[in-house]
Each structure stands twice: as structure tokens, then as C-alpha cells.
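Student: test case, fold it:
(2 chains)
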Amino acid sequence: MMKKVSFELIIPGIIVACIGLLIAKLVSGIYFFYVCYAILQMIALAAAWNILGGYTGYVNFGIGGFFAAGAYTSIVLLKYYEVNFLVAILAAGTVSGILGLLIGYLSIRVRGIYFSISTIAVSTILQMVVLNTPFLGGAKGFKIIRPPAFPPFSNYIEFLFLLILLISFFAVAVSRLIEKSWIGRSFLAIKDSEQAAETSGVATLKLKILATVVSCALMGIAGAPYPYFITLLEPYSAMGLTLGTYAFAAVFVGGRGCWFGPIIGAVLLGGLQQSVTVMISSEWNILVVGLVIIAFVLLAPNGVVGLLKGRKKPVLLKKKDRV
Amino acid sequence: MALLEMKKISKSFGFPALQNVDLSIDAGDRIGLIGPNGSGKTTLTNIITGLIACDDGQVIFENRDITKLSAHRRSRLGIARTFQIPQPFYSLIVRQNLYIPLRCRLKSEEAMFTEAGRLLDLVGLSDKADGLPSDLTQIEQRELELARALALSPRLLILDEVLAGLTSQEIDGALEILRVICESGVTVIMIEHIMKAVMGFCNKIVVLNSGMKIAEGMPEDIFRNPEVERAYLGE
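Tutor: Below you'll find the model as predicted:
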């Protein structure tokens, strides 16, 4: 197992980091890094969502809440306690993971739409808490001044780019590790028939909570560098449905229940979103993305992966499967 | 010593689904559980496997009180079942469907591969091992259900209408497989409407009607029982 983890996580992680550094050295335009950050963040969130939603079939609409919990944890620690960035990232993951554990424990016994609604409740409650807590910035939020760049980076955004690159790599690698193991198989069994999984010896409740915790913790980690990217962290934009909806849509465009689905989806959707924003307007961007989502739901319910692989291959959702 | 003992089991879904049902099953028994539709057969099965909790009563398996035990723990103790409407894992290929229960007792992928092959061979699905369950026929899906239940290496196997829809010849074939399974030391509870199969296969029959056990005994005696006749045919 350790050998597998080092092969799947550490070595490719170092390679990804080197590529990231190389890109940071070679590309000079700052805008490029903003676009990449947005897309990579979408990959991370989509991959995290996919662990619970794609494999076990439990749809979490509270992405914004878990993401923002990570973002707020990291900014509070960095601003008030001046901790190391790595510590802030780990703490962000822990806080969101604990939130996931709570919601998992309370509501994962209910399936389908009831679980989804309770996840929306989580992000709404978090929003209310932040709005009414001056310590957390209240409605005004946090204004963040980026620290000066440090070598080898020529701009702080390059550092953030490398960070989110590694985070999204980590999220995808974790979901790939899960998919290739017995845990992933058990997750799929839970999605297909919880009763049959349970009577086949699968500890369904425990595994569903595990999926929720891992998924939510990764969302929190993805949120950790966000305050420095956005420079104004306030509850409406951070916890709104928009951010979560894009990540959710990326999984649907790419393909659910498959580790590289979120990458394809996020690159396509994020790329489209950015180019429409630049070429037409940011209002049009929402409309175009909406149309793309509708088109995919109607024409390719299994996403790009479903189109590529055809009907016959396993590890994909079937049309007749419920969301 | 009884393998499974149920004492005064009651369950209500707003109406009484089971009332004070006692049941004792010895190791090696081939029990036929019969009764009209809605008589509580499936509810009883769900209580034995732990998918639903009983309101009252006790379930004892191999001298151990399992009333409060979750379904997956019971299945690891050796209680397996098939579902009346097959519930295969559609996202997994046929062979991997068996990996889910096999993982309870085997650790390496190679061992699981071999064992899954053996079980699929037993039920006659070896040529479909790499296909998806959605490409199987209804009958093949039921064979997969059986193989998946056997993968737990069960002590007690509950078959929920596993023969429904089969032709007379296919029933004989299926009963042949079931006899092999019984001879390997598995105790079987068979819920079935096909009387020919129940009569030919079971050594003991339990009759439920409106949530109550109305008769229990040897197959020949059961069919001479006037109360059973009433339950099936009316006054």
C-alpha cells in the first residue's frame, strides 16, 4: 500500500510540481495564471465532488460551503495567527473534513434529494454564521493584500498557481487511488444498490461517511489558497451556489464516477467560461455555460468520458441510473 | 443445535406484518418458506438478514444474539441472500460483482479472481464474466444474484424466489445446483411459489399467512393441512 501511495502520489506529485515551476518560469503574462488558477480550482472541486457524488451517488450541493470553510479557516489562521501556508492548508482540510463528518453522520442515512437538501442547508448555515461573526469578517469580508513575490517566483500569483496545481493534482490522485481500490468498488456498489452492498458485507454507513469526509476535506483544501487569489473574501461570493454549480457541472460535462472526468469537464467548461468572459461578457458566460450543461444532460448524460468509452465499459454510470 | 432461531418476532409497518413468529432452523435444513402474497415472507427475510429491525423478538444465529447486529456484520457471519428483483451492481462487470462479497474473506486480487471464476462456473455464467450485468437476461441476473450470495461462503442462504420465471427444465437444472450447494454444508431457506420445486427440494416447510406462522412440518403433511388450504384457496 505504501509503495502504491508513493508511486501514485509522491513521484507524480514531484513531476507535476516541476512542470508547474517550469511553466511559471517560461510564461510571463499574469493573466495566464489567473485563468489557470480558475480552471485548476474547478478541477480540484470537481474531483473532490466526484468522490462522493460520482462513486457513491450522493449529490452534494453544498460545495460552496465546504470550500468556503476551508478558505475562511486558512485566512483566519494566516491573518490572525500568521501560521505557515502548509499548516493553513492542512487545517482547512481538517475543518471541512470535520464538517463533512457531521453532515455525513446526521444526514447520509437519507438518500437522494433529502441528502442534497441538507448539504445546501450546511452552506446556508455557514453563510449565516460568517455574516454574523465580526471575527470572521462579517458581511464586509476580509481584504487581503498579497505578500510580495519570493524567489523563484516573479509574482505571487505564480506561487498560487503552483499551489493550486498541486492541490488539484492531489485531489485527482486521491480519487484515482480510491477508484482503483476495493474502496472505490464498494462505493460503486453502494451507488447501485445499497441493500445488496450491505448484504454482501459492505459496511455501507462507514464507507459513505468516509466518502463524505474525504470529499469535503478536499474541497476545504481547494479553498485554502482562495483568499489570496480573490483578495476579497466575503460570504456571498465564496459560499454562493455559483462556484459549486460550476464544479458540479464540470463533473457532468466530463463524466461522473471516473477520475479523469472532472479534468476533462473542468478544462472544457472552465476554458469556455474564461474565453466567453473575455470575448463577449461575463453575463454571457453564465448563459453559455448554462446552455452547455443543458446540452450535455440531454445529449451526453455520461459526459465526454461516456462518449469516448461508449456504452459497454464499466465504471460508468448508465443512462437508466438515477442521479 | 439450531443454526438460526427466531423468537417471537413482530414487525409492524402501521399494520402488523409479522406477529409472534417463532422459527427454528437446524444446520443442513432445506426450508421452504411459503405463503400467499403479502404474508410476510420478504419481511421475515429482511429481519433475518438485518436489512430491517424487528419491533419485538430475538434473532439467534449459531448461539449468538444478532438482533441488534447490522446487515453487513450478519453477512460476514455467513448469512447470505438473493433478492426477488435482482439487484446487481450495474457499474461493475460481472466478475467484480463477486469481488464485493469475496473481499470479506479473501484479501488478494488473484484469490478473488480464481474464486469468482469458480462461482461463475458453478452457476453457468463464466462466459459472461467480463460483461456488464445490464447485458444479462433476467434469468442470468438471478444466477448472478446466486453467485454473489455464495461468494460470502454462507452458512445460511436465503433464496427469494430464485426460480420464478424459469421453465420446468431450467428449474430442474437450478435445483441441481442448489443440491450441490446444500451438500457442501449450506443451510437453505427457499421462498418460492413453485410448489413442485418446494416439494422436491425442501425437507421442511413453513407457511406464513397475514404475518403469522400457520403451519410447519414435512412437505407431505403441509399439503394435507386444512388451514394451509384455506389460506391459499379461501373458505
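Student: spatially central residue for chain B, please.
Tutor: For chain B, the residue sitting closest to the mean C-alpha position, by Cα atoms, centre = their mean, is B:I158 at 1.4 Å.
Student: each with direction, which strands does the host helix or strand of that one pair with?
Tutor: If you go by DSSP states H and E, B:I158 is part of strand B:156-160. Applying DSSP bridges, strand B:156-160 is found paired with strand B:79-81 (parallel), strand B:187-191 (parallel).
Student: can you pull the alpha-carbon coordinates of it into PDB?
Tutor: What follows is strand B:156-160 as a C-alpha-only set of coordinates in PDB (Å, rounded to 0.1, in the frame of the first residue of the first chain):
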ATOM      1  CA  LEU B 156     -27.300 -19.900   5.800                       C
ATOM      2  CA  LEU B 157     -28.600 -19.000   2.300                       C
ATOM      3  CA  ILE B 158     -31.900 -17.300   1.700                       C
ATOM      4  CA  LEU B 159     -33.300 -17.600  -1.800                       C
ATOM      5  CA  ASP B 160     -36.100 -15.100  -2.500                       C
END
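Student: can you mark which positions in that strand are buried?
Tutor: By neighbour count on 16 or more other Cβ atoms under 10 Å in any protein chain shown, the buried set for strand B:156-160 is B:L156, B:L157, B:I158, B:L159, B:D160. C-beta: built from backbone N, CA, C; applies to glycine.
Student: quick check, the residue nearest to the centre of chain B in contact with B:G78.
Tutor: No. Checked against Cβ atoms under 8 Å, the pair B:I158 and B:G78 is beyond contact range at 11.5 Å.
Student: related to what we said a few turns ago, can you count the residues close to the nearest residue to the residue nearest to the centre of chain B once chain neighbours are set aside?
Tutor: In space, not counting the residues next to it along the chain, B:I158 is nearest to B:R81; the distance is 4.1 Å by Cβ to Cβ, 6 or more residues apart in numbering or on different chains. Counted with other Cβ atoms under 10 Å in any protein chain shown, residues neighbouring B:R81 total 29.
Student: try A:V202
Tutor: A:V202 - counted by other Cβ under 10 Å - has 26 other residues nearby.
Student: helix or strand: which one has the closest residue to it other than its chain neighbours?
Tutor: Distance criterion Cβ to Cβ, 6+ apart; nearest residue to A:V202, sequence neighbours excluded, is A:S186 at 4.9 Å. For A:S186, the host element (DSSP H and E) is helix A:182-192.
Student: return the alpha-carbon coordinates of that helix using PDB.
Tutor: This file holds the C-alpha atoms of helix A:182-192, laid out as PDB (Å, rounded to 0.1, in the frame of the first residue of the first chain):
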ATOM      1  CA  TRP A 182     -11.700  -2.100  -3.200                       C
ATOM      2  CA  ILE A 183     -13.000   1.100  -1.600                       C
ATOM      3  CA  GLY A 184     -13.900   2.500  -5.000                       C
ATOM      4  CA  ARG A 185     -15.600  -0.800  -5.900                       C
ATOM      5  CA  SER A 186     -17.600  -0.700  -2.700                       C
ATOM      6  CA  PHE A 187     -18.600   3.000  -3.400                       C
ATOM      7  CA  LEU A 188     -19.900   1.900  -6.800                       C
ATOM      8  CA  ALA A 189     -21.800  -1.000  -5.200                       C
ATOM      9  CA  ILE A 190     -23.400   1.400  -2.700                       C
ATOM     10  CA  LYS A 191     -24.500   3.600  -5.600                       C
ATOM     11  CA  ASP A 192     -26.100   0.700  -7.500                       C
END
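Student: buried sites along stretch A:186-195?
Tutor: For stretch A:186-195, the neighbour count (16+ other Cβ under 10 Å) marks A:S186, A:F187, A:L188, A:A189, A:I190, A:K191, A:D192, A:S193, A:E194 as buried.
Student: repeat for stretch A:284-298
Tutor: For stretch A:284-298, by 16+ other Cβ under 10 Å, it's A:N285, A:I286, A:V288, A:V289, A:V292, A:I293, A:F296.
Student: off-centre distance for that stretch?
Tutor: 20 Å (Cα atoms, centre = their mean, to the nearest Å).
Student: what's the mean pLDDT across it?
Tutor: Per-residue pLDDT over stretch A:284-298 has a mean of 85.
Student: what does that stretch contact?
Tutor: A:Y246, A:A249, A:F252, A:V253, A:L269, A:L272, A:Q273, A:V276, A:T277, A:I280, A:G303 (Cβ atoms under 8 Å, 6 or more residues apart in numbering or on different chains).
Student: drop anything exposed from these.
Tutor: Of the contacts of stretch A:284-298, these count as buried by 16+ other Cβ under 10 Å: A:Y246, A:A249, A:F252, A:V253, A:L269, A:Q273, A:V276, A:T277, A:G303.
Student: count of neighbours near A:F66?
Tutor: Count around A:F66 with other Cβ under 10 Å applied: 35.
Student: give the contact list for it.
Tutor: A:N60, A:S96, A:L99, A:G100, A:V122, A:S123, A:C216, A:M219, A:G220, A:G223.
Student: and what of B:I79?
Tutor: Taking Cβ under 8 Å, 6+ apart as the criterion, B:I79 is in contact with B:I48, B:T49, B:G50, B:F61, B:P154, B:R155, B:L156, B:I158.
Student: after the strand holding B:I158 comes which helix or strand?
Tutor: helix B:168-183.
Student: now do that following helix, average pLDDT.
Tutor: 89.
Student: need the helices for chain B, in chain order.
Tutor: Using DSSP state H, the helices of chain B run over residues B:41-49, B:71-77, B:94-102, B:109-123, B:138-150, B:168-183, B:195-201, B:219-222, B:226-233.
Student: ok, which of those comes nearest A:I178?
Tutor: For the helices of chain B, the distance to A:I178 is smallest for helix B:94-102, at 15.1 Å, taking Cβ to Cβ.
Student: show me what that closest one is in contact with.
Tutor: Helix B:94-102 is touched from outside by A:182, A:185-186, A:189, A:197, A:200-202, A:314, B:75, B:80, B:88-89, B:92, B:111-113, B:115-117, B:119-120, B:125, B:128-133, B:136, B:144, B:147-149, B:151-152, with contacts defined as Cβ under 8 Å, 6+ apart.
Student: quick check: phi and psi on A:Y58?
Tutor: phi -90, psi 120 (degrees, to the nearest 10).
Student: surely B:S10 and B:Q19 touch.
Tutor: Yes. Contact criterion Cβ under 8 Å: B:S10 and B:Q19 qualify, at 5.5 Å.
Student: and the residue nearest to A:V202, what does it touch?
Tutor: So A:S186 contacts A:A197, A:V202, A:L207, B:I100, B:R103 (Cβ under 8 Å, 6+ apart).
Student: what's the closest of the residues you listed to B:E176?
Tutor: Each of the contacts of A:S186 was checked against B:E176 using Cβ to Cβ; the closest is B:I100, at 26.5 Å.
Student: any idea how far B:L51 is from that closest one?
Tutor: Separation of B:I100 from B:L51 (Cβ to Cβ, to the nearest Å): 16 Å.
Student: more neighbours: which of those two?
Tutor: More crowded of B:I100 and B:L51, by other Cβ under 10 Å: B:I100, with 26 against 20.
Student: follow-up on the earlier one: could you identify which of the strands paired with strand B:156-160 is most buried?
Tutor: strand B:79-81 (a mean of 28; mean count of other Cβ atoms under 10 Å in any protein chain shown).
Student: can you tell me which residues in the stretch 151-300 of chain A are near chain B?
Tutor: A:182, A:185-186, A:188-189, A:191-193, A:195-205, A:257 (Cβ under 8 Å from any Cβ of the partner chain).
Student: let's see it at 6 Å
Tutor: A:182, A:188-189, A:192-193, A:195-196, A:198-203 (Cβ under 6 Å from any Cβ of the partner chain).
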